[in-house]
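S.K.: coordinates for the following, if possible.
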Amino acid sequence: MDTQLKTFLCVCETLNFTRAAQQLFLTQPAVSQHIQALEKRYGQPLFCRRGRILALTPAGRTLAAYARLLQNDEALLEKKMQDCHHGSHRITFGVTMTIGEYGIAGPVARYLRAHPDVDLTIVFGNTQELLQQLEQGNLAFALVEGYYPPEPYDHLLFRLEPFVPVCAAGHVFRREPVLCRDLLSERLLIREPGSGTRNILERNLALQGLSLSQFAHRLQIGNMHALIQLLVRDCGLTFLYRIAVEKEIADGRVRLLSLQDFSMVHSFDFIWPKNSIFAPEFRNLCEELKADSADEFQADDARCDTGNADQMRKCQAFAEQDYTGNGRADDADSRPDGIGRPQRETPQCQIQEDKTRHKAANGND
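M.R.: So this is what the prediction gives:
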């Protein structure tokens, strides 16, 4: 990669010319010259000052996005050249915890049987961790369940999965819950910040005028297996993807809660860097993995049509409104399958607009 672009990306990360110079083992004047040369080349200022704070201009943000893409493609190309030398074919991709533990093994096994010469490395992490790995060029693609910004990524729907409230089969409520608000006196089992499961729950609670802090007790767990074990032992209730507790539901250790104001499905998406020179290769591989899963998940997808249809459509509409219009920086067209394309986070002002518009709030956050 061009030395000037490497300098530019370092300044983007540090937002400080002095620290960038230290990291690159250059003098500060040399860093300034590299940036000035790029600004002269493209005829646009790349940085601006907001008081003492250095910030990217719109042109700088555009260049940063493509420079990172170029850097990542170059790193991947080097790996491919190494594979050619060793006569191997290596692919590294990421999966979020739920789909990685409960939904990807079958498709991967069938893919490997069809491609015995391929060496796969599967990296587990929560959604935010995998987004960082993609940005750093460490992954070819990722299979995520949480919110992600649509602009930097192409995507392919892997499958839809019901997102459900559950408790231990023997759990006794003071009064059987009918609404989400009826659960606030209970202990809530939740995943760590950055988890897609947690982000989806926070978003849907906000649309009911609720937040995690309103639950009487909370237990945060960074591992899905541990969370389910605590669920089975009646240490609290939780909201998660049904696929994660299918076995426990079938053998009678966990039961679904039927709530009038909560019924939804969410997408598991393959994502990879948009405009990468390797994007067609990534898409073909993801399409093959998806095709391998079609028979396995056909019966599961039918579950997405069950339950309270009106409430399910509302949840889908809420998601779509997040990613279309409203003047936000991460606006995107709605997806043809009717599920809103995920985003990284939802501003509090937008949450308030949603609550007012849908009249879903019965109290304050």
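S.K.: flag every buried residue along the longest helix along the chain.
M.R.: When the chain is parsed with DSSP state H, its longest helix is helix 58-86. For helix 58-86, burial by neighbour count (16 or more other C-beta atoms under 10 Å) applies to 59-60, 63-65, 67-73, 76. Yep, even glycine has a C-beta here, placed from its N, CA and C like the rest.
S.K.: cool, stretch 251-261 as well?
M.R.: Those would be 253-254, 257, 259, 261, for stretch 251-261 by 16+ other C-beta under 10 Å.
S.K.: check stretch 180-198 too.
M.R.: For stretch 180-198, by 16+ other C-beta under 10 Å, it's 180-183, 186-191, 194-198.
S.K.: stretch 10-29 too?
M.R.: Buried-residue list, stretch 10-29, by 16+ other C-beta under 10 Å: 10-12, 14, 16-17, 20-21, 24, 26.
S.K.: pLDDT of that stretch, averaged?
M.R.: Stretch 10-29 comes out with an average pLDDT of 93.
S.K.: what's next to that stretch, contact-wise?
M.R.: 6-7, 30-32, 35, 47, 53-56, 60, 64 (C-beta atoms under 8 Å, 6 or more residues apart in numbering).
S.K.: 6 Å instead, please
M.R.: Applying C-beta atoms under 6 Å, 6 or more residues apart in numbering, the contact partners of stretch 10-29 are 31, 54, 64.
S.K.: same check on stretch 238-246?
M.R.: With contacts defined as C-beta under 6 Å, 6+ apart, stretch 238-246 is touched by 98, 102-103, 161-166, 189, 197, 201, 231, 254.
S.K.: hey, where'd the strands end up in the stretch 1-150 of the chain?
M.R.: Secondary structure of the stretch 1-150 of the chain (DSSP state E, counting those that start in this stretch): strands at 47-50, 53-56, 89-95, 118-124, 141-144.
S.K.: and the second one, which strands flank it?
M.R.: Strand 53-56 has its sheet partners listed here by DSSP bridges as strand 47-50 (antiparallel).
S.K.: which residues sit in contact with residue 124?
M.R.: Taking C-beta under 6 Å, 6+ apart as the criterion, residue 124 is in contact with residue 100.
S.K.: from residue 192, how far off is it?
M.R.: 13 Å (C-beta to C-beta, to the nearest Å).
S.K.: can you point me to the longest strand in this protein?
M.R.: strand 153-168 (DSSP state E).
S.K.: other SSEs contacting the next helix or strand after that strand?
M.R.: Counting by DSSP states H and E, the next helix or strand C-terminal to strand 153-168 is strand 187-190. Judged by 3 or more C-beta pairs under 6 Å, 6 or more residues apart in numbering; DSSP states H and E, the packing partners of strand 187-190 are strand 217-220, helix 224-232.
S.K.: which stretch among these approaches residue 120 most closely?
M.R.: For residue 120, the closest of the helices and strands packed on strand 187-190 is helix 224-232, at 21.4 Å, according to C-beta to C-beta.
S.K.: orientation of the closest one relative to strand 153-168 in degrees?
M.R.: 30 degrees (axes from the mean of the first three to the mean of the last three C-alpha atoms, to 10 degrees).
S.K.: elements contacting helix 224-232?
M.R.: If contacts are counted by 3+ C-beta pairs under 6 Å, 6+ apart, helix 224-232 sits against strand 187-190.
S.K.: can you list the neighbours in contact with the strand it packs on?
M.R.: 198, 215, 217-220, 227, 230-231, 236, 238.
S.K.: 10 Å - rerun?
M.R.: Identification of contacts with strand 187-190 by C-beta atoms under 10 Å, 6 or more residues apart in numbering yields 166-167, 197-198, 201-202, 205, 212, 214-221, 226-228, 230-231, 234-240.
S.K.: quick one, which of those are buried?
M.R.: 166-167, 197-198, 201-202, 205, 214-215, 221, 227-228, 230-231, 234-240.
S.K.: please work out how many residues are found near the residue nearest to residue 71 when sequence neighbours are not counted.
M.R.: Once flanking residues are discounted, residue 71 sits nearest to residue 1: 5.5 Å by C-beta to C-beta, 6 or more residues apart in numbering. With neighbours defined by other C-beta atoms under 10 Å, the count for residue 1 comes to 12.
S.K.: kindly state the pLDDT recorded for residue 1?
M.R.: Residue 1 carries a pLDDT score of 76 in this model.
S.K.: which residues sit in contact with it?
M.R.: When contacts are counted by C-beta under 10 Å, 6+ apart, residue 1 touches 9, 67, 70-71, 73-75.
S.K.: one step back: can you list the contacts of stretch 10-29 in a markdown table and add distance to residue 82?
M.R.: A markdown table is the format used below for the contacts of stretch 10-29 (distance: C-beta to C-beta, whole Å):
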| residue | distance to residue 82 |
| --- | --- |
| 31 | 31 |
| 54 | 37 |
| 64 | 27 |
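S.K.: now, which of these sits nearest residue 288?
M.R.: Of all the contacts of stretch 10-29, residue 288 sits closest to residue 64, with 32.3 Å by C-beta to C-beta.
S.K.: identify the residue spatially nearest to the closest one, adjacent ones excluded.
M.R.: residue 12 (4.8 Å).
S.K.: cool, thanks, signing off.
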